[in-house]
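Asks: 3D, please:
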Amino acid sequence: FIIVTIIRPVVLFGPLADIARDRLLKEHPDLFELPRIETQSPTKARANVIKLQSIKNVIQRNRHCLLDVTPTAVEQLNYAQCYPIVIYFKASDRRQIKQIRNEYGKLYQKSSRRLFESSERLEFLFSYLFTSVIKLDSTANWYKTLKAQIEIEQEQPIWMSDDRPADKDLPNSDEYFISTRKSYSDENYTRDESSPDSDMMNMQQRKGKNYLQRVASDPVMFPRDKIRSYSTDAHHGFDEDEEDEEEDDDSNF
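Replies: Reported below is the predicted structural model:
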């Protein structure tokens with residue numbers, strides 16, 4: 001195994017991922033940051049993508065890079081030795097999702113049924129990518145659990161194959177692109193459907209060079225029964241002055 005010394009990117013999946021990203025950015029801008037998204041492109045395939053170098057720029061500022069990407073992009077981030085922390089929010093039913101999201105007002109109004117079904121499908125297909133799972137047993141503590149879990153995962157060693165690629169074999173940061181979920185429709189992203197160039201696009205591919213692919217050097221993913229799972233009913237060592245400040249207005253929808 002290796003001990004990661006970089007500040008690892010954070011990828012959140014599940015029915016509260018958007019709320020969690022927004023809260024982390026708003027309340028802890030010194031710890032979390034979004035990467036620059038390349039929105040201008042002559043082709044649709046290269047719209048709404050992130051350069052690997054943009055992620056590294058955030059890491060160099062000693063912040064967690066918050067990413068909204070597809071499961072395939074997570075695999076390719078591991079290949080690029082970014083080693084993201086991947087946390088999945090697991091709801092027991094759609095009512096639980098609706099109850100929590102109602103606390104955040106109409107800005108976060110979405111179909112709880114669709115969120116629950118798409119999250120279940122994502123868990124079924126891609127749970128091997130998760131570094132931990134947060135069970136939404138308590139609507140009050142999920143955010144504190146998330147912050148505590150990011151701290152824990154940052155300190156965890158990562159198991160790697162002995163034949164991981166040398167630095168010279170890694171992709172060029174300025175020529176390595178990651179597709180955001182904005183590149184896909186909400187209905188299709190959990191099926192891992194991709195553009196012709198896949199979720200990760202290397203400009204060198206168009207120059208006749210080798211395609212990127214998963215190799216034996218990728219981090220060893222945990223089998224489903226080894227993924228760390230955390231209940232939101234557990235106590236966490238955060239200060240009491242970090243109480244949630246939710247708006248009650250327009251909460252019933």
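Asks: What is the longest strand of the chain by residue count?
Replies: Using DSSP state E to define each element, the chain has its longest strand at strand 85-90.
Asks: So for that one, what gets flagged as buried?
Replies: Neighbour-count burial for strand 85-90 flags Ile85, Val86, Ile87, Tyr88, Phe89, Lys90 (criterion: 16 or more other C-beta atoms under 10 Å). Bear in mind the C-beta positions are built from the backbone N, C-alpha and C, glycine included.
Asks: Check the gap between Gln96 and Glu75 for me.
Replies: Going from Gln96 to Glu75 by C-beta to C-beta, to the nearest Å gives 29 Å.
Asks: So between these two, which is more surrounded?
Replies: Using other C-beta atoms under 10 Å as the criterion, Gln96 and Glu75 rank with Glu75 on top: 20 against 17.
Asks: looking at it, that one is touching Leu129, isn't it?
Replies: Yes - contact criterion C-beta atoms under 8 Å: Glu75 and Leu129 qualify, at 6.9 Å.
Asks: Neighbouring strands - and their directions - for the helix or strand where Leu12 lies?
Replies: Assigning secondary structure by DSSP states H and E places Leu12 in strand 10-13. Under the criterion DSSP bridges, strand 10-13 sits next to strand 64-67 (parallel), strand 85-90 (parallel) in its sheet.
Asks: Pass me the low-pLDDT residue ranges in the stretch 1-150 of the chain, would you?
Replies: Applying pLDDT under 70 to the stretch 1-150 of the chain picks out residues 1-2, 40-47.
Asks: cool, the stretch 151-253 of the chain as well?
Replies: Across the stretch 151-253 of the chain, the ranges flagged by pLDDT under 70 are 160-177, 179, 181-253.
Asks: ok, 90 please
Replies: Counting by pLDDT under 90, the stretch 151-253 of the chain contains low-confidence ranges at 156-253.
Asks: In a helix, Asn57, correct?
Replies: Yes - counting by DSSP: H, G, I helix; E, B strand; the rest coil, Asn57 falls inside a helix.
Asks: so what's it up against?
Replies: Neighbouring residues of Asn57 by C-beta atoms under 8 Å, 6 or more residues apart in numbering: Pro35, Arg36.
Asks: so how far is Pro84 from it?
Replies: 16 Å.
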